[in-house]
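Enquirer: I would like to see how this sequence folds:
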Amino acid sequence: MTSVIAALAIDAHDVHRVADFWAAALGWAVVEEDEGVVSIAPTGGGLGIDVVPVPEAKTVKNRLHLDLRADGSTQAAEVERLLGLGATRADVGQGPDVSWVVLADPEGNEFCVLSRSVQDVAAETGSRG
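Expert: Residues are numbered from 1 along each chain as shown. Take a look at the predicted model:
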């Protein structure tokens, strides 16, 4: 027997603001809202994200973060798009020579935009097979 991930959870003070950001960032939609929790997922189904309300006093750093790949654009274009949606640049001590860009969502939850796009990875994987 094994477990299956049902959803990822992101803590938020303003669940709608954070859910709207991630839905726009990922091209997903709100699929459910119940007891203050807003769930977003891809329109075709699959693993989703639950945005969960937390008390105002919670300020500890999250120990899990998302890594994103640009899909149909470059890393630079995707970073600019996400900044336009409300993300901010984040310094987690990554230094100037890393290939990823660290951003934070509107409530400071950090995530990375990786250097290789979805298409770059697919091309590399396809060339090996």
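
Enquirer: can you tell me how far L103 sits from E32?
Expert: Distance of L103 to E32, computed by CB to CB, to the nearest Å: 26 Å. For every residue, glycine as well, the C-beta is placed using N, CA and C.

Enquirer: Between those two, which has more neighbouring residues?
Expert: Taking neighbours as other CB atoms under 10 Å, L103 and E32 compare with L103 leading, 22 against 11.

Enquirer: in what helix or strand does that one lie?
Expert: strand 101-104 (DSSP states H and E).

Enquirer: Can I get that strand as PDB, trimmed to CA atoms?
Expert: The C-alpha trace of strand 101-104 is given here as PDB (Å, rounded to 0.1, in the frame of the first residue of the first chain):
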ATOM      1  CA  VAL A 101      14.500  32.900 -10.100                       C
ATOM      2  CA  VAL A 102      13.000  33.100  -6.600                       C
ATOM      3  CA  LEU A 103       9.700  34.900  -6.300                       C
ATOM      4  CA  ALA A 104       7.000  35.200  -3.600                       C
END
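
Enquirer: For that strand, report the contacting residues that lie outside it.
Expert: Residues outside strand 101-104 that contact it (CB atoms under 8 Å, 6 or more residues apart in numbering): 75, 79, 82-83, 87-92, 94, 110-113.

Enquirer: Mean confidence (pLDDT) on that strand, please.
Expert: Strand 101-104 shows a mean pLDDT of 94.

Enquirer: and that strand, how far out from the chain's middle?
Expert: Here strand 101-104 is found 10 Å from its chain centre; the criterion is CA atoms, centre = their mean, to the nearest Å.

Enquirer: One more: stretch 57-69?
Expert: Counting by CA atoms, centre = their mean, stretch 57-69 comes out at 10 Å from the chain centroid.

Enquirer: what's the span of it from first residue to last?
Expert: Chord length of stretch 57-69, first to last residue, is 32 Å (CA to CA, to the nearest Å).

Enquirer: What are the buried residues along it?
Expert: H65, L66, L68, R69 (16 or more other CB atoms under 10 Å).
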